[in-house]
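**Student:** Fold the following, please.
(chains A and B)
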Amino acid sequence: AQSVTQLDSHVSVSEGTPVLLRCNYSSSYSPSLFWYVQHPNKGLQLLLKYTSAATLVKGINGFEAEFKKSETSFHLTKPSAHMSDAAEYFCVVSDSGGYQKVTFGTGTKLQVIP
Amino acid sequence: ETGVTQSPTHLIKTRGQQVTLRCSSQSGHNTVSWYQQALGQGPQFIFQYYREEENGRGNFPPRFSGLQFPNYSSELNVNALELDDSALYLCASSRGLAESTGELFFGEGSRLTVL
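**Tutor:** Residues are numbered from 1 along each chain as shown, chains lettered A, B, ... in the order given. Next up, the predicted model:
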């Protein structure tokens, strides 16, 4: 069984300050982990993915995430928030065992204050 | 742009009616998954099709059914619509299971309102 927990439903930051969106996971297999972003009334766009290579993963738009197996975490960070980062962010775990099963977190809504 | 297209983008139905949603997968992808995203929630897995066969199903009743065609496009059918079926329905395509890391390529969704 696999699951993912996004620890904050809403995060509010000022423009130019760091962003931290937290995600913890559980998986019976060696998981692949992803962060997707969803802007209002849009589909989901892949920000970055971890697939058992480097534990620090760089994505688009200056985002990065670090896979920490000992903490079962995959937190998303960005050094400096931009107004265009305001969106909803989903942490996703994918099991490599059996058929491809993908589980989404409940999402974190990021607000960026000017 | 992911190359995944969904139609229609918006539709309104009444309780008890039936609806068909369509999805064209990205070129080179033979796997299509469908998700339901209710307002303010994360996407919930409905089912997945791989090479025209259902290959996994989430916790949805049988009135949610699907098809995948030889060109890997897909349909989601929902019968006997209920008010709680109102949601954004997302289609995602991906490479075949053996090659895939689980990365999904999403369309922009079909927003269904049931009155």
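
**Student:** Could you find the closest non-adjacent residue to the residue most central in space within chain B?
**Tutor:** Central residue of chain B (C-alpha atoms, centre = their mean): B:Trp34, 2.9 Å from the mean position. Spatially, and ignoring its direct neighbours in sequence, B:Trp34 is nearest to B:Ile46 (4.3 Å; C-beta to C-beta, 6 or more residues apart in numbering or on different chains). C-beta: built from backbone N, CA, C; applies to glycine.

**Student:** For that neighbour, list the residues it contacts.
**Tutor:** B:Ser33, B:Trp34, B:Tyr35, B:Gln36, B:Arg57, B:Gly58, B:Phe60, B:Phe64, B:Gly66, B:Leu76 (C-beta atoms under 8 Å, 6 or more residues apart in numbering or on different chains).

**Student:** same check, this time on B:His29
**Tutor:** By C-beta under 8 Å, 6+ apart, the neighbours of B:His29 are B:Tyr72, B:Ser93, B:Ser94, B:Arg95, B:Phe105.

**Student:** For it, which non-adjacent residue is spatially closest?
**Tutor:** Skipping the residues right next to it in sequence, B:His29 comes nearest to B:Ser93 by C-beta to C-beta, 6+ apart, at 3.9 Å.

**Student:** check contacts around residue 63.
**Tutor:** Here I'm looking at chain A. A:Phe63 neighbours (C-beta under 8 Å, 6+ apart): A:Val19, A:Trp35, A:Leu47, A:Leu48, A:Leu76, A:Thr77, A:Lys78.

**Student:** that's the wrong chain, I meant chain B
**Tutor:** B:Arg63 touches B:Val78, B:Asn79, B:Ala80, counting by C-beta under 8 Å, 6+ apart.

**Student:** And for B:Pro70?
**Tutor:** By C-beta under 8 Å, 6+ apart, the neighbours of B:Pro70 are B:Glu52.

**Student:** That one and B:Arg63, how far apart?
**Tutor:** Distance of B:Pro70 to B:Arg63, given as C-beta to C-beta, to the nearest Å: 25 Å.

**Student:** same check, this time on B:Leu21
**Tutor:** 14 Å.
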